[in-house]
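> Quick one: sequence and predicted model below, then my questions.
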Amino acid sequence: MGRKSIAQEYYEDIPEREDEEDGNWLVLYDFKSKPNPRFWGNVKRLIGLVGEGSLVQYSVFMTRSRRGAMAAERIARHYGANVMVFKGEEIEF
């Protein structure tokens, strides 16, 4: 069996009970320089692990999974990004 990805390691380290809190989670990250290409691969893997989620922009990951948001925050920090996490609700005007 191969080595686990960073996305899988971080996601599995977070207890499942963290997903008990509903909401829309936004993970905003900013890199001082071009991010390591492995970052994008791990974000894609995380989307598969969470079962949903998306890149709203290159610097914004959105998910309904608190556990997924926590893992995304850890992945971005691992690759050197400044990160902020928000919980919000979508409003249509």
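All right, it came through fine.
> only C-alpha atoms for contact and neighbour calcs from this point on.
Noted.
> Please tell me how far the residue most central in space within the chain sits from Glu92.
Using CA atoms, centre = their mean, the residue of the chain that lies closest to the mean C-alpha position is Ala72, 2.2 Å off. Between Ala72 and Glu92 the distance is 26 Å, computed by CA to CA, to the nearest Å.
> ok, and for whatever helix or strand Arg74 lives in, which residues are buried?
When elements are assigned from DSSP states H and E, Arg74 belongs to helix 66-78. Taking 16 or more other CA atoms under 10 Å as the neighbour-count basis, helix 66-78 is seen to contain the buried residues 66-76.
> contacting residues around the following helix or strand past it?
Moving toward the C-terminus from helix 66-78, the next helix or strand (DSSP H and E) is strand 82-88. With contact meaning CA atoms under 8 Å, 6 or more residues apart in numbering, strand 82-88 is reached by 23-31, 69, 73, 76-77.
> How many residues are close by the residue lying closest to Val60 once chain neighbours are set aside?
Nearest residue to Val60, sequence neighbours excluded (CA to CA, 6 or more residues apart in numbering): Leu28, at 4.7 Å. By other CA atoms under 10 Å, the residues close to Leu28 number 21.
> Distance-wise, check Leu28 relative to Lys4.
Computed as CA to CA, the Leu28 to Lys4 distance reads 25 Å.
> Which pLDDT value goes with the residue nearest to the centre of the chain?
For Ala72, the model assigns a pLDDT of 97.
> Please identify the pairing partners of the worst-scoring helix or strand of the chain on mean pLDDT and their relative orientation?
Within the chain, confidence by mean pLDDT, DSSP states H and E is lowest for strand 54-57 among all helices and strands, at a mean of 89. Using DSSP bridges, the neighbouring strands of strand 54-57 in the sheet come out as strand 60-63 (antiparallel).
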